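Participant: would you be able to build a 3D model of this:
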Amino acid sequence: MWREEIPYGTQISSDCRYLEENPREQTIILAIFEMIVQDRPISEIAATLNQRGFVTRDGADWTASAVFNLLPRLIEVGQRTLATREWAEIRRGLMRRAS
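Facilitator: Residues are numbered from 1 along each chain as shown. So this is what the prediction gives:
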């Protein structure tokens with residue numbers, strides 16, 4: 001049976017007509033972007049997601065390979081995600097810490 005994967009960071013709307021943002025997954029995407037910008041290793045990103053209580057879509061702990069497999073999706077949504085108000089706030093915090 002053929003099955004199409006719902007892109008990470010989205011979910012099927014309540015009327016089943018379109019995809020909408022999944023708030024929990026969007027939070028995880030932002031957290032991963034933040035750690036990538038900090039040049040943290042993928043294994044450390046996975047460990048930090050687990051420490052923060054995040055789980056994968058399947059309910060499993062994050063692994064380095066799970067984060068790595070998400071990288072193409074991050075590239076796909078990067079431009080839109082990095083233009084959000086939430087990312088602007090994260091970026092300001094990163095800049096303050098770097099000063």
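Participant: only C-alpha atoms for contact and neighbour calcs from this point on.
Facilitator: Will do.
Participant: tell me where the protein has strands.
Facilitator: In the chain, the strands defined using DSSP state E lie at 10-12, 19-21.
Participant: residue contacts, the residue positioned nearest the centre of the chain?
Facilitator: The centroid of the chain falls nearest to Ile29 when counting by CA atoms, centre = their mean (1.4 Å). Residues in contact with Ile29 (CA atoms under 8 Å, 6 or more residues apart in numbering) are 9, 74.
Participant: before we move on, the earlier item: can you redo the strands of the chain as TSV with mean pLDDT, distance to Met95 and mean neighbour count?
Facilitator: Listed next are those as TSV, based on pLDDT from 0 to 100; distance: least, CA to CA, whole Å; neighbours: other CA atoms under 10 Å:
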stretch	mean pLDDT	distance to Met95	mean neighbour count
strand 10-12	93	29	15
strand 19-21	93	27	14
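Participant: just the CA coordinates for stretch 11-25, please, in PDB.
Facilitator: In PDB, the C-alpha atoms belonging to stretch 11-25 read as follows (Å, rounded to 0.1, in the frame of the first residue of the first chain):
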ATOM      1  CA  GLN A  11      -0.600  18.200  10.300                       C
ATOM      2  CA  ILE A  12      -3.900  17.500   8.600                       C
ATOM      3  CA  SER A  13      -6.500  20.200   9.300                       C
ATOM      4  CA  SER A  14      -9.600  19.200  11.300                       C
ATOM      5  CA  ASP A  15     -11.700  19.300   8.100                       C
ATOM      6  CA  CYS A  16      -9.100  17.100   6.300                       C
ATOM      7  CA  ARG A  17      -8.800  19.500   3.400                       C
ATOM      8  CA  TYR A  18      -5.300  20.900   3.800                       C
ATOM      9  CA  LEU A  19      -2.100  20.800   5.900                       C
ATOM     10  CA  GLU A  20      -1.600  23.300   8.700                       C
ATOM     11  CA  GLU A  21       1.300  23.900  11.000                       C
ATOM     12  CA  ASN A  22       1.800  21.500  13.900                       C
ATOM     13  CA  PRO A  23       2.700  23.800  16.900                       C
ATOM     14  CA  ARG A  24       4.700  21.200  18.800                       C
ATOM     15  CA  GLU A  25       6.800  20.200  15.700                       C
END
